[in-house]
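J.: here's my sequence, what's the structure:
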Amino acid sequence: MDYHISKTLNLPFEEAIAATTASLKRHGFGVLTDIDVQTTLKNKLDVSFRPYRILGACNPKMAHQALRLEDKIGTLLPCNVIVQQHEDGHVEVSAIDPVVSMQAIDHQELSRIAEAVRDMLRRVIEEI
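T.: Okay, here's the model as predicted:
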């Protein structure tokens, strides 16, 4: 089972970031964090790395529901969405599958929330 939902895009890297952020917003997600892995690795380790960004996406309504059910669920939030440019120039966007990441938690209502979030993230990825 894949732990991510992915799609290769026909967009330049920066346009893919903008399109991903816009799609997330249209589906009720905000971007809480934006980690530029390429810049961070250059600054911290003085190594070169391809363009790679980690967007910490959160749907406040769904997060609130999950937190009310399980107070430690914050360890799995926000939902990470990555945009990366591969060495061949292709740009790919990937989102975590929250159903897979929450399998260790035996809570039926939480599983339903994870399924709803997965469906939302699939729509985000599909429309980019």
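J.: strands along the chain, start to end?
T.: Taking DSSP state E to define them, one finds strands in the chain at 4-9, 30-36, 52-58, 79-85, 91-96.
J.: can I get those in JSON lines including mean neighbour count and distance to residue 117?
T.: The way it works is simple: take the backbone N, C-alpha and C, and place the C-beta from them, glycine included. Formatted as JSON lines, the strands of the chain follow (neighbours: other CB atoms under 10 Å; distance: least, CB to CB, whole Å):
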{"stretch": "strand 4-9", "mean neighbour count": "16", "distance to residue 117": "11"}
{"stretch": "strand 30-36", "mean neighbour count": "13", "distance to residue 117": "14"}
{"stretch": "strand 52-58", "mean neighbour count": "20", "distance to residue 117": "10"}
{"stretch": "strand 79-85", "mean neighbour count": "21", "distance to residue 117": "7"}
{"stretch": "strand 91-96", "mean neighbour count": "21", "distance to residue 117": "9"}
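J.: columns distance to residue 128 and mean pLDDT on top of those strands, output as JSON lines?
T.: Shown next, in JSON lines, are those (distance: least, CB to CB, whole Å; pLDDT from 0 to 100):
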{"stretch": "strand 4-9", "distance to residue 128": "6", "mean pLDDT": "98"}
{"stretch": "strand 30-36", "distance to residue 128": "14", "mean pLDDT": "98"}
{"stretch": "strand 52-58", "distance to residue 128": "12", "mean pLDDT": "98"}
{"stretch": "strand 79-85", "distance to residue 128": "9", "mean pLDDT": "98"}
{"stretch": "strand 91-96", "distance to residue 128": "6", "mean pLDDT": "98"}
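J.: give the contact list for the most centrally placed residue in the chain.
T.: With distances taken as CA atoms, centre = their mean, residue 81 lies nearest the centre of the chain, 2.0 Å away. The contact partners of residue 81, by CB atoms under 8 Å, 6 or more residues apart in numbering, come to 20, 24, 54, 55, 57, 93, 94, 95, 96, 121, 124.
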